[in-house]
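K.L.:
A structural model of the following input is requested.
(2 chains)
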Amino acid sequence: MKMKKLIAGALAMAMALSLVACGGGDKPTGSQGATPPATGSQSGSQTPSTPTENVADAITVWVYPVGGWGDEAKVKPLIDKFTADTGIKVSMEWLAYADGDDKVNSALTGGNAPDVIMEGPERLVANWGVNGHMVDLADMIDAEDRAEILPAALEAGTSADGKVYLYPMFNVAHCMAVNYTAVKEAGAEANIDLETRTWTVDQFDATVKALHDKFGGTVAAVYCAGQGGDQGTRELIRNRYGTKLTNADHTAYTWNTPEVINALTDLKNLPGIQFDASLQGGDEIAKFYQGVLKMAFCWNAAQQLDPNSAGTGEGKTLTGDEIVYMTFPTQPGKSPEEGSGVWGLGAFDTGDEARIAAAKQFIKYMCDSENCAQAGDISNFFSCRSKAEGVEIKSSNPLLVEYYGKMMPYMGEYYQITKGWAGARTEWWNMLQRVGAGDDIAATVAKYEANANAAATAG
Amino acid sequence: MANSQPKMSRALQRRENIAGYLFMLPSLFFFIGFVVAPMIICIGYGFTDANMNSKTASTTFVGLHNFITLWQDETFLLALKNTFMIVLVSVPAVCFFSLWVGSAIYHLKGPVLSAFRCIFYLPVVTGSVAVTVVWKWMYDNYTGILNYVLKGAGLIEENINFLGDERFALWCIILILFTTSVGQPIVLYVSALGNVDTTLIEAAQVDGANDIQVFWKVKWPQMMPTTLYILVITTINSFQCFALIQLLTQGGSGTNTVMYYIYFTAFKLTEQRGHFGYANAMGVVLAIFIGLLSAVQFKLAKEK
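P.N.:
The predicted structure is shown next:
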């Protein structure tokens, strides 16, 4: 009987301990000497440094899959180096775009936000920053940094009241791509200028027609199943007749214009173009990579280097067809404006000074040190600064060098920081779905632009 | 001696009651913590403009504002319509199909019956994400097997965009929901049919009742508790259809449901002031609808 009681007592103790263990023990405490969380990103055999006083010895970093930063194997050596150099252990977590926002928002609501996050200004500045969740990093940027960082990127990372919520790391101009092998088979290669990579609307339409005549079915999809990769459809539509989707102050949405209505009408009536509500950007890339679609509107340097992140070779589809990146088509004589992609690091205001200090150390290490070049190389994009701590930052990859020369001059302004952006994106893809379903285009555009502005005002 | 007996019984009863409550305590703790308390919090938040950004926007009491706004919200009304459509189609279809299959297979012998049970129960035990991904492949606009078969059979000329065309998308969702919902009711009906009192069936047959009369007059009344359970569970599941929408259409192509809209408002539209309060108000309205429909089902089943 006594033995039974003993066993029962031991079991009860074990259960109680397991419950305690489950209760939020995976966050670093922030104070010196706290037990770090289990992480796969710790330094191996190297002897780590010790963090300076009042700096936490462990932080959590959440990363959206931005270019090569979505690949753990590529990122881990740099994180290990950081731990070895600073003694700060890093618990990395990779988010997916499908549910990353939900995780962050849940964490913010529950008071469990990570210390550092990597994403773009539309989230870090326009959403979490202006709503008081982020730390102002302005004290990390001195005059020398301001001279070295691309002004447009720094501007995108800064809120209207001058607070820096995103330390810019890398940027890229979003473009489109064509299956050049298919274009040649269709006899339309004359429309593709391999030297400039620019083309007119007429050349684009003629290429779509040639591909449609040759292969039938859908040549390219105006994908609108959700917000994923929506920069592609935005840039395709706004470049067609050359217009802006927001006002210059980024306070209102201005896409109810004849240019947008005409562009939508043209695309809707162009055989080979389908408004597809079953695809998002990622799905479109996959279909293009498989050779099903002959054009992709969701493209950039990282995709060109490693199409569909499949590791099957630079600039090639699954079947070995040649992929050529192009600007979005414009009217003759008009310069294209490619979608602007800026990414960087931000620190959440966890209320723990030691953790914030460690977070800033991490950001400094990645964005403003001799490691900056390596951090940029991992992304397969382009560093937002020309120099860091005296070290010149330049990509050595020939494809990236070429892409930089041909596409980056056309990078447009970063308008995704317009108030109510999350709601506006939803209105955008819903609008495309309605256009695809056959609703009156002018009325649909007016309705969804009004919705976007109403959401921005109500926010 | 005769007087001490009841006292002993009462003491024993008290001890048993205490032991009973102690055994209940752990689950009661979780029930209150994870069901009752969130429900109360949800109702409370429904009357506020609570939002994620409490640092810059404090929560204030807004009375019935959220509940009034709901009925002017075009998206919510469409989501409510879709939700009712799913319930009205899915619940009867699941009940009738599972009853039919249950009736057809319950008298089969061991291994054959087990095989059928496995076949119909497989989609239930398979992860909903895996099931949904497979369906997504089958529905694919470009390379899906359904388009391939339909085209091969000469039934269609152009591919159908099953998930991207609002004429088909909701029905595609209902079809998947149907396949993942019938497993449990079939197993329950097989079990209920096996438990029907055979003496009553034999008596009815001796009295000259035919198969249909035996089913409706003898078997059906004895299966009413099972039917009621299936109706209520299927109704609740249909009202709460979320994962399929999230994984397949994200509420687009005319497939938005109240559950998905709640999630979208709460976790996607975080820039919008009062988004938590509004989502909670939707949750309360949805709970009321589920409660009302379940009550009607209980009432009807009782009358039967």
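K.L.:
going forward, measure contacts and count neighbours with C-alpha atoms only.
P.N.:
Noted.
K.L.:
buried ones in the top helix by length along chain B?
P.N.:
Taking DSSP state H as the criterion, chain B has its longest helix at helix B:74-105. Buried residues in helix B:74-105, counting neighbours by 16 or more other C-alpha atoms under 10 Å in any protein chain shown, are found at B:75-87, B:90-91, B:94-95, B:97-99, B:101-103, B:105.
K.L.:
for that helix, packing partners?
P.N.:
helix B:169-181, helix B:183-194, helix B:224-239, helix B:258-267 (3 or more C-alpha pairs under 8 Å, 6 or more residues apart in numbering or on different chains; DSSP states H and E).
K.L.:
try 6 Å this time
P.N.:
On a contact count with 3 or more C-alpha pairs under 6 Å, 6 or more residues apart in numbering or on different chains; DSSP states H and E, helix B:74-105 meets helix B:183-194, helix B:224-239.
K.L.:
Can you get me the start-to-end distance on stretch A:381-399?
P.N.:
11 Å (C-alpha to C-alpha, to the nearest Å).
K.L.:
List the buried residues for that stretch?
P.N.:
So stretch A:381-399, judged by 16+ other C-alpha under 10 Å, has buried residues A:381, A:382, A:383, A:384, A:385, A:386, A:387, A:388, A:393, A:394, A:395.
K.L.:
Can you tell me which of the residues you listed comes closest to residue B:130?
P.N.:
Closest approach between the buried residues of stretch A:381-399 and residue B:130, by C-alpha to C-alpha: residue A:381, at 33.6 Å.
K.L.:
From chain A, how far off is the residue most central in space within chain B?
P.N.:
For chain B, residue B:237 is the residue whose C-alpha lies nearest the centre (C-alpha atoms, centre = their mean; 1.2 Å). Distance from residue B:237 to chain A, counting by C-alpha to the nearest C-alpha, to the nearest Å: 23 Å.
K.L.:
any idea whether residue A:93 is helix, strand or coil?
P.N.:
strand (DSSP: H, G, I helix; E, B strand; the rest coil).
K.L.:
show me the contacts for it.
P.N.:
Residues near residue A:93 by C-alpha atoms under 6 Å, 6 or more residues apart in numbering or on different chains: residue A:62.
K.L.:
Enumerate the residues of chain B near chain A.
P.N.:
Within chain B, the positions near chain A by C-alpha under 6 Å from any C-alpha of the partner chain are B:52, B:53, B:55, B:56, B:163, B:164, B:267, B:271, B:272, B:273.
K.L.:
Going by secondary structure, residue 202 is in what exactly?
P.N.:
No chain in the question, so chain A it is. In the assignment (DSSP states H and E), residue A:202 maps to helix A:201-215.
K.L.:
my question was about chain B
P.N.:
Counting by DSSP H and E, residue B:202 is part of helix B:198-206.
K.L.:
what's in contact with that helix?
P.N.:
Helix B:198-206 is contacted by no other residue when judged by C-alpha under 6 Å, 6+ apart.
K.L.:
same thing but at 7 Å, please
P.N.:
Defining contact as C-alpha atoms under 7 Å, 6 or more residues apart in numbering or on different chains, one finds that helix B:198-206 is touched by B:214, B:218.
K.L.:
buried ones in it?
P.N.:
For helix B:198-206, by 16+ other C-alpha under 10 Å, it's B:201, B:204.
K.L.:
any idea how far chain A is from the closest residue to residue B:184 other than its chain neighbours?
P.N.:
Sequence neighbours aside, residue B:121 is the residue nearest to residue B:184 in space, at 6.5 Å (criterion: C-alpha to C-alpha, 6 or more residues apart in numbering or on different chains). Distance, residue B:121 to chain A, by C-alpha to the nearest C-alpha: 29 Å.
K.L.:
So what's the gap between stretch B:52-68 and the chain middle?
P.N.:
Here stretch B:52-68 shows a centroid-to-chain-centroid distance of 30 Å under the convention C-alpha atoms, centre = their mean, to the nearest Å.
K.L.:
Same question for stretch B:112-121.
P.N.:
Chain-centre distance of stretch B:112-121: 22 Å, with C-alpha atoms, centre = their mean.
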